[in-house]
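K.L.:
next one to model:
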Amino acid sequence: MSASAPAAKAPSRTGLTHGRAVWLMVAVTLMWATAGVVTRHLEHARSFEITFWRSFFTFAALIVILPAWQGRAVFGSIRSGGRALWISGVCWGVMFTAFMVALTLTSVANVLVTMALGPLLTALAARVFIGHRLPLRTWLAIVVAGIGIGWMYGTQLGHGDQGVLAGTLVALCVPLAGACNWTVVQHAHGKGHDVDLVPSVLIGAALCSLFTLPLAWPFQANAHDVGLLAFLGVFQLAIPCVLSVLCARVLKAPEVALLALLEIIFGIAFAWLGAGEEPAPSVLAGGAMVIGALVFNEWLGLRGRRAAAAVAVPGPH
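P.N.:
Numbers count the residues shown, from 1 in each chain. Now for the predicted structure:
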């Protein structure tokens, strides 16, 4: 046990211990992972209509959750949040739109594995735009993940599946927007202006709803579809979003990144077991390379931080 372990177990201001935060984050990934399998059970809703209803119900849920959690002053903070908050909101809107549209174009496994590139694209964005230096392990992880993605999609395109390419390009907008979001938030933090991510999610849901509304018209969803999409908006996105912010106040960034990878495993398993969507062997092989590279990179980073903390803490005299 490292020297920092006792401090990590102490309850935070949220009342969460480290262990409870870990299990809560696992529950969050389970909720996130329901998007694919639920989407596969829709009857009439398609493409942008799916995106509209999910974002609409996310917005409606957060309108209730935010003032109950942070008080009515949260709306004032949104109005005075500045450019960084609104840019972050736009990034969330892009992620919401691209994710659901991609699910209608390609398999759940393809979308989730493509999204797994997020931490590595974020590291590259930090290197280019903020000047963060990347350790060798991260460069190696980027190369291995790139090979995995190339293998996964190259094999499928070799069989003439052009829909995979369109779905991939749309899904790739999710980690790209995520990297932009993180870079903007970190840049603002460096200048002394912290961005509250939950209100920015509210902005993103509102922008996504407004953008997709004309594209979704005329509505085709029946009551069954609207019910499922309401579930996604509230329980797959709004609630886990708030819970993940609470977890991030207790867990270290590499821990959150590692636990978030469970969404890929859970999401593929749910779609396989709940909708009969069996992932292609090339997706499993390429996805294993991507996830393996991410796990190895984050695990080494976490171990290095713990070792540095152990050295920094004076021993007993």
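K.L.:
got a pLDDT number for Ala285?
P.N.:
Ala285 carries a pLDDT score of 81 in this model.
K.L.:
element containing it, please.
P.N.:
Using DSSP states H and E, Ala285 falls within helix 281-312.
K.L.:
can you pull the buried residues of that helix?
P.N.:
282-283, 286-287, 289-291, 293-294, 297-298, 300-302, 306 (16 or more other C-beta atoms under 10 Å). All C-beta atoms are positioned from the backbone trio N, CA, C, and that covers glycine.
K.L.:
and what of stretch 244-264?
P.N.:
Neighbour-count burial for stretch 244-264, counted by 16+ other C-beta under 10 Å, picks out 244-247, 250-252, 254-264.
K.L.:
between the two ends of that stretch, how far is it?
P.N.:
One end of stretch 244-264 to the other measures 16 Å (C-alpha to C-alpha, to the nearest Å).
K.L.:
for that stretch, which outside residues touch it?
P.N.:
When contacts are defined by C-beta atoms under 8 Å, 6 or more residues apart in numbering, stretch 244-264 is touched by residues 12-14, 16-18, 21-22, 24-26, 28-30, 32-33, 112-113, 115-116, 119, 197-198, 287, 291, 294-295, 298-299, 301-302, 305.
K.L.:
if we can go back for a sec, pull the most distant pair out of the buried residues of helix 281-312.
P.N.:
Comparing every pair within the buried residues of helix 281-312 by C-beta to C-beta identifies Ser282 and Arg306 as the most remote, at 36.2 Å.
K.L.:
Asp194: what secondary structure?
P.N.:
Classification of Asp194 using DSSP: H, G, I helix; E, B strand; the rest coil returns coil.
K.L.:
list the contacts for it?
P.N.:
So Asp194 contacts Ala188 (C-beta under 8 Å, 6+ apart).
K.L.:
quick one: it from Ala188, how far?
P.N.:
Relative to Ala188, Asp194 is positioned 7 Å away (C-beta to C-beta, to the nearest Å).
K.L.:
any regions of the stretch 51-200 of the chain where pLDDT drops low?
P.N.:
For the stretch 51-200 of the chain, applying pLDDT under 70 flags the ranges 153-163.
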